[in-house]
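Colleague: 3D, please:
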Amino acid sequence: MNYVYSALLLHSAGKEINEDNLKKIVSSIGETPDEAKIKAMVAALDGVNIEEVISKAAMPVAAAAPAAAAPAAGEAKKEEGPSEEEVEKKAEEAAGGLASLFG
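Modeller: Numbering: from 1, shown residues only. Next up, the predicted model:
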């Protein structure tokens, strides 16, 4: 996971995501860089528009708060939004899709 965070740090700093830069960051946190993981990370991100991926990443949405007032006697009850379980399931699916991007 440190390699993913390192790549995101380089991206946010406007630096090129290459093997040398990743090695520097991984070394700076006291970890010995793994050449194979670094090469795999650089290869996986080659040609990927990180800004686009981040903007398209699904963020879990909190369910709307229920209305404070009860409906009037003549009004029909409105259909409720998705259940909490459905919201959690969608958030997990989205996270799984994002995780597959980084291997």
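
Colleague: check contacts around residue 6.
Modeller: Listed by Cβ atoms under 8 Å, 6 or more residues apart in numbering, the contact set of residue 6 reads 22, 25, 26. Backbone N, C-alpha and C define where each C-beta goes, glycine included.

Colleague: For this protein, give me the ranges with low pLDDT.
Modeller: The chain contains residues with pLDDT under 70 at 60-82, 91-103.

Colleague: tell me the domain ranges of it?
Modeller: In terms of domains, the chain is parsed into 1-56, 59-69+79-103 (source: automatic domain parsing).

Colleague: okay, those domains, which one's buried deepest?
Modeller: domain 1-56 (a mean of 13; mean count of other Cβ atoms under 10 Å).

Colleague: and the contacts of residue 6 as a markdown table, adding distance to residue 47 and secondary structure?
Modeller: Below are these laid out as a markdown table (distance: Cβ to Cβ, whole Å; DSSP: H, G, I helix; E, B strand; the rest coil):
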| residue | distance to residue 47 | secondary structure |
| --- | --- | --- |
| 22 | 17 | helix |
| 25 | 21 | helix |
| 26 | 22 | helix |
